[in-house]
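Colleague: got a predicted structure plus its sequence, pasted below:
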Amino acid sequence: MVNRELLSPDGVELTIRLFTPPGASLADALPEDPDLERLDPGVSNYSHVPQVASRHLLEEADGYDLVGYMEDDLLLSDPEFFSKILYLDRCSDGRYAFLPHRCEHIPGKGDVILSGDPDGGRPDLFWDTGEKLTVPWPLGSRVFYRATNPHSGCYFLTRSQAQKVRDFWVSQNWKLVWSIAGPLESAASGILIPVLKVMKPIPEHYRFLMVRHQDSLWQRHAFETQQPEPC
């Protein structure tokens, strides 16, 4: 048997910037890596860390093809994920932010989608328009919908999209006059909503664009059962 190092032209040049106050997390135990930068958000209130990180990444958009923000409990395992984001952007006009479904795996049952949409939607929300977008794909078209609940715990934007979001919030002095749920949701989703249409795959196509949530939130909620229709 002969083992050789393989180089793939499909790889990406990735820089990871980890925002964590010194001594406040397990990050201090991570091994040194030239592609990993630990940054002190410089805040005493840890609930402000997500907004500091999101703002910083958008301000650095000029130097990258893609800018991605992720909470620290997400796993991205699809090797074609970034290529899909670029492909989806080419198939649209730049007004759409394509966000993945955040999923957990239930042993013996399958996957569950977190941050799903309420039955009947929310007509009081200006972005709950019901808009759908069909994207061609070799294994069959993939359909995305404008999500009622936009939260995915992350976002991935092209350079031009990130610049557009950045410029909008610069004009607002980075002051969010409204928020979605809490600081995590505002940093990962709310910051996009005034500028871009947030789209997710329809539930039937959730595996096309997804991230794994490294927790078991599904255990806190009872499963709904389908009631039989009366004869």
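Modeller: Done, it's in.
Colleague: show me where this protein dips below the pLDDT cut-off.
Modeller: 177-179, 219, 223-231 (pLDDT under 70).
Colleague: residue boundaries of the strands in it?
Modeller: The residue ranges that make up the strands of the chain, judged by DSSP state E, are 16-19, 36-39, 66-70, 74-75, 96-98, 101-106, 110-114, 132-135, 142-146, 154-158, 197-201, 210-213.
Colleague: quick one: closest of the ones you listed to residue 187.
Modeller: Across the strands of the chain, the minimum distance to residue 187, taken as CB to CB, is reached by strand 66-70, at 7.1 Å. C-betas here are computed from N, CA, C, even on glycine.
Colleague: strand partners of that closest one, parallel vs antiparallel please.
Modeller: Sheet partners assigned to strand 66-70 using DSSP bridges are listed as strand 154-158 (antiparallel).
Colleague: okay, the partner strand in CSV with CA atoms only?
Modeller: The C-alpha coordinates for strand 154-158 follow below in CSV (Å, rounded to 0.1, in the frame of the first residue of the first chain):
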residue,chain,number,x,y,z
CYS,A,154,-25.5,31.5,10.9
TYR,A,155,-25.3,33.3,7.6
PHE,A,156,-23.1,33.1,4.5
LEU,A,157,-23.0,36.0,2.1
THR,A,158,-21.0,36.9,-1.0
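Colleague: outside of it itself, list whatever touches it.
Modeller: 61, 65-71, 74, 81-82, 85-86, 89, 94, 97-100, 102, 165, 188-189, 192, 196, 211 (CB atoms under 8 Å, 6 or more residues apart in numbering).
Colleague: rerun that using 6 Å as the cut-off
Modeller: 66-70, 74, 85, 89, 99, 188 (CB atoms under 6 Å, 6 or more residues apart in numbering).
Colleague: would you turn those into JSON lines with distance to residue 57?
Modeller: Output for those, formatted as JSON lines (distance: CB to CB, whole Å):
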{"residue": "66", "distance to residue 57": "10"}
{"residue": "67", "distance to residue 57": "5"}
{"residue": "68", "distance to residue 57": "8"}
{"residue": "69", "distance to residue 57": "6"}
{"residue": "70", "distance to residue 57": "10"}
{"residue": "74", "distance to residue 57": "15"}
{"residue": "85", "distance to residue 57": "15"}
{"residue": "89", "distance to residue 57": "17"}
{"residue": "99", "distance to residue 57": "15"}
{"residue": "188", "distance to residue 57": "11"}
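Colleague: re the thing from before, nearest to residue 45 among the strands of the chain would be which one?
Modeller: Closest among the strands of the chain, using CB to CB: strand 16-19, at 13.6 Å.
Colleague: can you give the strand pairings for that closest one, parallel or anti for each?
Modeller: Going by DSSP bridges, the partners of strand 16-19 are strand 36-39 (parallel).
Colleague: which stretches in this protein count as helices?
Modeller: 49-59, 81-90, 159-171, 183-185 (DSSP state H).
Colleague: outside of the last one, which residues touch it?
Modeller: Okay, so that is helix 183-185. Applying CB under 6 Å, 6+ apart, the set of residues contacting helix 183-185 is 47, 50, 151.
Colleague: wait, the second one sits on residue 186?
Modeller: No. Contact between residue 50 and residue 186 fails when scored by CB atoms under 6 Å: they sit 7.4 Å apart.
Colleague: which one's more surrounded, the two?
Modeller: residue 50 (22 against 19; other CB atoms under 10 Å).
Colleague: if we can go back for a sec, tell me which of the helices of the chain sits most buried.
Modeller: helix 49-59 (a mean of 20; mean count of other CB atoms under 10 Å).
Colleague: all good on my end, thank you.
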